[in-house]
Structure formats: C-alpha cells, structure tokens
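Q: No sequence on hand, only this structure:
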C-alpha cells in the first residue's frame, strides 16, 4: 500500500499528543497543590503517576491485538477531558490510565516510524517529546486554566480519525514473546532518561522566579540538537560522543539548578537529545534491538521517583545528575 502524507505524520502525532497530555500538568503544580491541599512532592508524585502506567502500556502493546492508534487516541481524548476533575483519587486513576495509553501510543509511533524507513519522520517522531512540551507550554500561556486546557481532549478525539481507513488494518499488533533486556541496557536508559525526568520540575522552578519563558526556546533548541547530534556522533565516533555529551549534561545541569537558570537552554536540548543515540549505543554493546523498547519503558518508571525525591532531598537534582552522567561515561569507557 502506498503511504500518503496522512499516514506519514501519524507516528509524529502519536508521540507528540500523548506527551502533551502527560506533561502539561507540570505547569500547574502550584494550582494543584492549593486546590488538592497537597505538598509539592505529593503533587509531583501525582503528575508522575503515568510513568508507572507507561510500562504496562508498552507490555499491552506487545500482547494484545488491537487498532493501537484509533482506540488509544479515542480513550486519550476522553481521559484528557476527565483530567479536569479536581479530585485526588480520581486523578490518580486517570493519570495512571493516561500513562498506559502513552505507553501504547509511543511504542506504536516508534515502531511504525522505524518501519517507514523515512529518516525525517523517525527524527520528528523521536522529537515528539519536545514537541509535546512545546504544545503544553503554548496552551498553558494562552489559556492558563486547568479546566480549559482539558478541552483539548475534544480535539484529540478528532485526531483519532487519522487512524481510520485501510491503514487501521496495518497497525494490528501481533502477539509477541516477552524477552527481557540486559541489566546494562536498563541502567543505561535510567541514566540517559534522568535529565528528562528532572525537567518535570523545571517549569515550577522557573515559574517561581518569573522565568517560565525559558521553557519554549529550550525545547525548540532540543529539536535542533535532535537533528544535529547524529551528525556529531558520526564525526566524533560513538564512544567519544558518549563521553562528551554526558559531560555537557553534567556541567550544564549543575550550573542551571544551582546558579543560572539560563543554562537550561543548554541542559534541556542535550539532556533530551542524548536519548536519540542510546539505541545505537546499546546495539553496539550487543543488545537485541527488539528489547530496547522494553528497556526504555522499564527505565521510565524512575520518572515517578526522581521528581518526588527532587522535592524532598536538598540538592538531589545535582546529586543524581552527577551519579547518572558519570555512570554513562564509565559504561562507555569500558
């Protein structure tokens, strides 16, 4: 079947929109803390609950036969609307289910983008995390209302139509056997994902000092770095790149959190774009490419733990950056 433009952009949409739904509550930490009567660390735990559901979603994608895009987008739109409810118990359930849908849709997106053989589509799909953050920021600035932003769920339901037609027969998932990735792959993804997890707390930090605007250019820059980083790796070599990039993330992260928020313009792009070279790095280390998705989603469970600890333990962001980036450097040097 000839793939038209509508189906080419589908994996980009399937990564960007779930990311938006996942991350936009990060801009409402103060609002949720006040209206739910929760401490900040409790709100961050609530916001990060989807990272548990994400792992389950990726497993569901492997074992069930379903129209991944259409059904999941339909449910994602409904749960985005329901996310406007200000009730702690309902929100825990809703956020957990959002995580499951995120796991299904992003796993589908990466798989289909890879099979398309289109490098541009693959690059835009993996950059869907940054696109989702940009969309969340823009809607937050324009609406700045917890209930109004949830209305985006109606547009998400409409986007489900993109998955209808003959294409729906080609995204039915086959039953697969679960194969666990190596321990080193899981550890590597935990380390490489740490900057992305820490970025969950950054909007709240910037909002307190009236510098929330830094979010937009930092995520736009990350899209550029997503594109140029593979070129840098080709020039330097994978081993050298896996030493230099963690050093950039380590130094920029410490300076951004401790001294100068403007340095988030460096930390954010490199902290996110490093994920674009991890699959190549791990396959070079001998990991089976089919197990990388599971390693990624197992590592993503730390997305619940790191933001919470960052609000409980003083200087935790700086400590965890040092530990994880030095671990990446060490594994690449072996």
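A: Ah, there it is. These numbers were taken from a predicted model, which means no experiment stands behind them. Numbering: from 1, shown residues only.
Q: where do the helices sit along the stretch 1-150 of the chain?
A: Assignment of helices within the stretch 1-150 of the chain using DSSP state H, counting those that start in this stretch yields the ranges 5-8, 10-23, 29-36, 40-48, 50-63, 68-82, 88-116, 119-126, 128-143, 146-149.
Q: Flag every buried residue along the longest one.
A: Read that as helix 88-116. Residues of helix 88-116 classed as buried: 91, 94-114, 116 (neighbour count, 16 or more other C-beta atoms under 10 Å). Backbone N, C-alpha and C define where each C-beta goes, glycine included.
Q: Also the fifth one?
A: Of the residues in helix 50-63, 50-62 count as buried by neighbour count, 16+ other C-beta under 10 Å.
Q: Check the second one too.
A: By 16+ other C-beta under 10 Å, the buried positions in helix 10-23 come out as 10-23.
Q: Run through who's touching that helix.
A: Helix 10-23 is contacted by residues 50, 69, 73, 76, 79-80, 83, 98-99, 101-102, 105-106, 108-110, 112-113, 116, 121, 124-126, 128-129, 131-133, 135-136, 139, 152, 156, 159, 162-163, 167, 200 when judged by C-beta atoms under 8 Å, 6 or more residues apart in numbering.
Q: mean confidence score for that helix?
A: In this model, helix 10-23 carries a mean pLDDT of 90.
Q: what angle separates that helix from helix 40-48?
A: Angle of helix 10-23 versus helix 40-48, following axes from the mean of the first three to the mean of the last three C-alpha atoms, to 10 degrees, is 160 degrees.
Q: just the angle between helix 10-23 and helix 88-116, please?
A: Going by the same axes, to 10 degrees, helix 10-23 makes 160 degrees with helix 88-116.
Q: Report the angle between helix 10-23 and helix 68-82.
A: 30 degrees.
Q: Spit out the contact partners of residue 278.
A: Applying C-beta under 8 Å, 6+ apart to residue 278 gives the contacts 188, 189, 192.
Q: swap in residue 104?
A: 57, 58, 60, 61, 68, 72.
Q: taking the contacts of residue 278 one by one, which sit in strands?
A: Residues of those located in strands (DSSP state E): none.
Q: Please tell me which one of those residues counts the most neighbours.
A: residue 192 (28 neighbours; other C-beta atoms under 10 Å).
Q: pretty sure that residue contacts residue 328?
A: Yes. In this structure, residue 192 is within contact of residue 328 by C-beta atoms under 8 Å, at 6.6 Å.
Q: pull the helix or strand with minimum mean pLDDT from the protein.
A: helix 5-8 (a mean of 62; mean pLDDT, DSSP states H and E).
Q: give the contact list for the residue nearest the centre of the chain.
A: Nearest residue to the geometric centre of the chain (C-alpha atoms, centre = their mean): residue 129, 4.8 Å. When contacts are counted by C-beta under 8 Å, 6+ apart, residue 129 touches 15, 19, 196, 272, 275.
Q: and residue 326, how many residues sit next to it?
A: Residue 326: 14 neighbours (other C-beta under 10 Å).
Q: What distance do you get for it to residue 251?
A: With distances taken as C-beta to C-beta, to the nearest Å, residue 326 is found 12 Å from residue 251.
Q: Equivalent analysis for residue 9, please.
A: Residue 9 is 37 Å from residue 251, by C-beta to C-beta.
Q: which element follows the one helix or strand residue 267 maps to toward the C-terminus?
A: Assigned by DSSP states H and E, residue 267 belongs to helix 264-273. Using DSSP H and E, the helix or strand that follows helix 264-273 towards the C-terminus is helix 278-284.
Q: Can you give me the buried ones in that next one?
A: 278, 279, 280, 281, 282.
Q: what's the answer for stretch 296-308, then?
A: For stretch 296-308, by 16+ other C-beta under 10 Å, it's 296, 297, 298, 299, 300, 301, 302, 303, 304, 306, 307, 308.
Q: For the fifth one, give me phi and psi.
A: The phi and psi torsions at residue 300 (degrees, to the nearest 10) take the values phi -70, psi -20.
Q: which residues touch it?
A: Contacts of residue 300 (C-beta under 8 Å, 6+ apart): 51, 54, 55, 189, 193.
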